[in-house]
Structures are given as C-alpha cells and as structure tokens.
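> sequence unknown, structure follows:
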Ligand SMILES: Nc1ncnc2c1ncn2[C@@H]1O[C@H](COP(=O)(O)OP(=O)(O)OP(=O)(O)O)[C@@H](O)[C@H]1O
C-alpha cells in the first residue's frame, strides 16, 4: 500500500467579495512511497497547502487523501496519530511554557507513567542538544532553538510519517546540519517543503510546485534544475528590480 496517496485532489477557497473561488491546488494525483520527499517552489505556490492535506489541516475540495489507507478527512484523528507535523513557525506549535513541558505534553498519551515520561523527554531533549534550554521560557529561546524544539516534540512520539514545513528557515549552519543528519537517520517517511535547495538535494524524490500545480516530479537534481529555471524567468508584473535602475 502506498504510504500517502492523493487521488484527483484539488483545493479551492472562497474569496470575500467574489463569486469565483480561488484555486490553491489544481487537480492532481500522487502516490508517495519514497522515504524522503521534498517539495520546492516559489512563495505562495501551494507547498504548505499540499503538506497540510496530509494531516487534514486542509481538506480537499475534490478527491481524496489517504495515509496508509486511512482517509485524511473521515479518519483524521487516526491519521494525526500517525503523522507528525512540524510547522514553519514554532510558536504556532509550542503551547507549554517550557521545552521540557512541551515534550512531556507530546508524550502524555504514549507514556502514561510520569517518571518514564520525564526520562523520555530528557532523552529527546538531549538528542537535540536542547537540555540546557529545557526549563527556559520558550519566549526566551531563539527562533532556531524553538524550531529544533518543535521538531523534538513531534519526534518524541515516533510518528510513522513526518511532515516538515520549511523546517530550516531559522536555523544556523550547525543546527541545519543537525537537522540534515537527524532527517537522514530517521526511520520514518519524511515529506519536507523547503527553500533550502541543499536540503532538497538530500531527498529521494522532489516535487516542484508552481502556481498550484505540480510541474515536476522526479529526482532531486532534476527538480532543483527545473526550479532554478523557473526562478530565472521574469515574473509577470514583478517590479522589485526597477528600484535600482
Ligand atoms: N485559507 C486561505 N484562503 C485564501 N488564500 C489562501 C489560504 N491559504 C493559502 N492561501 C493562498 O494560497 C497560496 C498558496 O499558499 P501556501 O501557503 O500553500 O504557499 P507556499 O508555497 O507554502 O508559500 P511560502 O513558500 O511563502 O510559505 C498563497 O497565495 C496563499 O496566499
């Protein structure tokens, strides 16, 4: 069975003051079974929308999304139990005052005994080099520290699928390498959107999204080349460069 399947999916949203809905993703079908899948594309192309379909944060307007055979709409609770989702903005994910409490919260269902839970949280935080920050307010952490913490809290519960929405935006070089090594060493299937083309090159299969369409699906090297070519073409109506004339 394919791990993640999109069948004739499209996503449309209502737009205030308009009778015509906006199409965020045009009709597409995909079966994703590779271990490392990248999603690249310009800002606003539809990457996050595509990822959010996987755990039911966005529902398809048409078609079906399944994860290990479970519908991401009608079986959304079970799907979310299998799919760990790391948001671009860690503050939209971290809900407890400190990192330690957040990781322990993640573990509350899988580890019932509080001493065992505390020990497991400690081990997870140590794995990400975050122990020294475990009891600090999350608001006192740097963006990159929060991003790592959000990843640690999601990985603590061993999801079978890990979805990462631009996980390296705030990371410095050392922590980006930690993320790369961590992702490379995971048993889980990983689906990751990124603007970091080096990270994309680590993936087994890469999708290029452009204006709500998957315009390329294949090897990382070809996908990156395709994306570079797309970016080299002038955007209709773009005006930024004119300021320097
Ligand atoms: N609920 C919504 N209602 C209206 N428009 C939306 C909604 N959600 C997303 N969009 C629009 O859909 C498009 C795709 O958004 P999405 O967040 O998927 O892009 P993205 O490729 O992840 O972008 P980025 O790289 O900037 O994060 C954008 O133009 C966005 O403004």
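Done, it's in. Every value quoted in this text rests on a predicted model; they were computed, and no experiment measured them.
> Contact partners for residue 210?
Applying CB atoms under 8 Å, 6 or more residues apart in numbering to residue 210 gives the contacts 41-42, 45, 230. For glycine as for every other residue, the C-beta is placed from the backbone atoms N, C-alpha and C.
> So which of the residues you listed are in helices?
residue 230 (DSSP state H).
> Widest-spaced pair of the contacts of residue 210?
Spatial extent of the contacts of residue 210 (CB to CB) is set by the pair 45 and 230 at 9.4 Å.
> helix, strand or coil for residue 58?
coil (DSSP: H, G, I helix; E, B strand; the rest coil).
> Would you tell me what helix or strand the residue nearest to it when sequence neighbours are not counted is located in?
Distances taken as CB to CB, 6 or more residues apart in numbering place residue 52 nearest to residue 58, at 4.0 Å, with adjacent residues excluded. Take DSSP states H and E as the rule and residue 52 turns out to sit in helix 47-54.
> Residues of the protein that sit close to the ligand?
13, 22, 24, 41, 43-49 (CB under 6 Å from any ligand atom).
> Quick check: the two most widely separated of the residues you listed?
Of all pairs in the residues of the chain next to the ligand, the most separated under CB to CB is 13 and 41 at 18.3 Å.
> who touches stretch 122-138?
Residues lying outside stretch 122-138 but in contact with it, judged by CB under 8 Å, 6+ apart, are 91, 94, 96-100, 102-103, 121, 141, 145-146, 148-149, 151-153, 155-156, 178, 182.
> Then stretch 39-51?
Against stretch 39-51 from outside (CB under 8 Å, 6+ apart): 11, 24-25, 58, 85, 88, 163, 165-166, 191-195, 197, 200, 206-213, 223-224, 227, 230-231.
> residues of it that come out buried?
39-42, 45-51 (16 or more other CB atoms under 10 Å).
> So which elements touch the helix or strand bottoming out on mean pLDDT in the chain?
Within the chain, no helix or strand scores below helix 173-185, which has a mean of 86 by mean pLDDT, DSSP states H and E. The contact analysis (3 or more CB pairs under 8 Å, 6 or more residues apart in numbering; DSSP states H and E) places helix 173-185 against helix 143-155, helix 197-201.
> Let me see the ranges of the helices in the protein.
Using DSSP H, helices in the chain cover 47-54, 76-82, 99-106, 114-127, 143-155, 173-185, 197-201, 220-232.
> about what we covered before: surely the residue nearest to residue 58 meets residue 59?
No: taking CB atoms under 8 Å as the definition, residue 52 is not a contact partner of residue 59, at 9.3 Å.
> out of these two, which sits in the busier spot?
residue 52 (19 against 13; other CB atoms under 10 Å).
> Would you mind measuring from the more buried one to residue 165?
When distance is defined by CB to CB, to the nearest Å, residue 52 is 8 Å away from residue 165.
> intersection of neighbour lists for the two?
residue 85.
> circling back to that earlier point, mind telling me which of the helices and strands packed on helix 173-185 the model trusts least?
Across the helices and strands packed on helix 173-185, helix 143-155 has the smallest mean pLDDT, namely a mean of 89.
> how about that one: buried residues?
144-155.
> Please name the residues that touch residue 147.
With CB under 8 Å, 6+ apart, residue 147 has these contacts: 90, 167-171, 175.
> Many thanks, have a good one.
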